[in-house]
Each structure stands twice: as structure tokens, then as C-alpha cells.
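[1] Pasted the sequence and its predicted model underneath.
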Amino acid sequence: MFDAYAHCADRRDAEGQKSLFTVDTELAVYMDGEGSEATYVLQGREALTPVFDDLNRYEATTHFNGQSTVALVGDLATGESYTIAHHVFTEGGRRKIMIAALRYLDTFTKIDGRWYFAERSLVVDWSETRSLLSPAER
């Protein structure tokens with residue numbers, strides 16, 4: 001599921017991304033890291049549409065998934081996964097890249113033989129924005 005989520009994000013497949021969540025899901029985003037107040041909390045699968053559509057403001061994204069852990073207990077599971085996310089955009093006539101170290105804290109549920117995100121917390125551990133050099137500048 002971690003990889004399917006990243007794949008849908010990088011392909012701008014908001015509907016595919018939403019289909020990975022339960023109907024009554026909860027998504028919390030912590031832009032200021034773990035231990036901070038949630039920047040926002042969304043309730044329900046349909047509430048995720050604007051968040052996933054917001055990726056369209058970037059020219060390209062690449063989410064590279066790293067280590068993950070999952071603990072299973074019957075039809076429920078919890079997990080933590082790491083991602084380095086790259087977001088390319090143009091601002092003031094310059095191409096830039098925002099790189100973020102993300103952690104996802106997840107609760108999963110199995111419904112009719114398929115796993116879904118029941119709760120997902122996105123924690124931004126750090127981020128950096130810098131200019132990208134054009135080929136002529138390298």
C-alpha cells in the first residue's frame with residue numbers, strides 16, 4: 001500500500017490514491033514535525049480530494065519510499081514508513097525543488113480481503129527548498 005500511494009501521487013491519480021482509504025478514514029498532517037499540533041485533519045475519503053489534487057501545482061514529483069514496519073493483529077495493522085519526497089516547481093522564472101523527509105504513521109484495516117488505510121498521519125521531519133540549475137548552468 002505504501003508504494004501504491006506514492007505511485008498514485010506521482011502519477012496524479014487522485015482517485016486511485018483515495019481508493020486506498022476507508023470511506024470513514026482520517027488523515028492528519030503535521031507540517032511542523034512530530035509532537036506539534038496537526039496542521040489539519042481531514043475526515044472521510046472524499047475530504048482527501050483537495051489534498052491529492054494539490055499535487056497538480058508541481059511540474060513533477062518523486063516519492064522514494066524507504067524502510068517501513070507493519071504489525072498485524074488479525075484484520076487490523078499499524079505501521080510506520082519513511083519517504084523522501086521531491087517536488088519540482090517554477091517560481092519567479094526559476095525552477096526549484098522542495099525535498100521533504102516524511103514519515104507516515106498508519107492504521108490499516110482489512111475489508112473483504114483487501115487492506116485499506118483507516119488512519120494516516122503524515123509527519124514532515126524536515127524540508128528544504130532550493131533552485132535547480134538549468135543544463136547550461138551546470
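    Perfect, I can see it now.
[2] After the helix or strand bottoming out on mean pLDDT in the chain, which helix or strand is next?
    Of all helical and strand segments in the chain, the minimum by mean pLDDT, DSSP states H and E falls on helix 49-53, at a mean of 92. With elements assigned by DSSP states H and E, the helix or strand that comes after helix 49-53 is strand 60-73.
[3] Contacts for that following strand, please.
    Residues outside strand 60-73 that contact it (C-beta atoms under 8 Å, 6 or more residues apart in numbering): 2-3, 6, 9-10, 55, 77-88, 108. For every residue, glycine as well, the C-beta is placed using N, CA and C.
[4] which of those residues are buried?
    2, 6, 9-10, 55, 77, 79, 81-83, 85, 87, 108 (16 or more other C-beta atoms under 10 Å).
[5] Out of these, name the ones that lie in helices.
    2, 6, 9-10 (DSSP state H).
[6] And the furthest pair within the buried ones among the contacts of strand 60-73?
    Spanning the widest gap among these are 77 and 87, at 28.8 Å by C-beta to C-beta.
[7] ok, residue 48 - how many residues close by?
    20 (other C-beta atoms under 10 Å).
[8] How about it, nearest residue that isn't a chain neighbour?
    residue 18 (5.2 Å; C-beta to C-beta, 6 or more residues apart in numbering).
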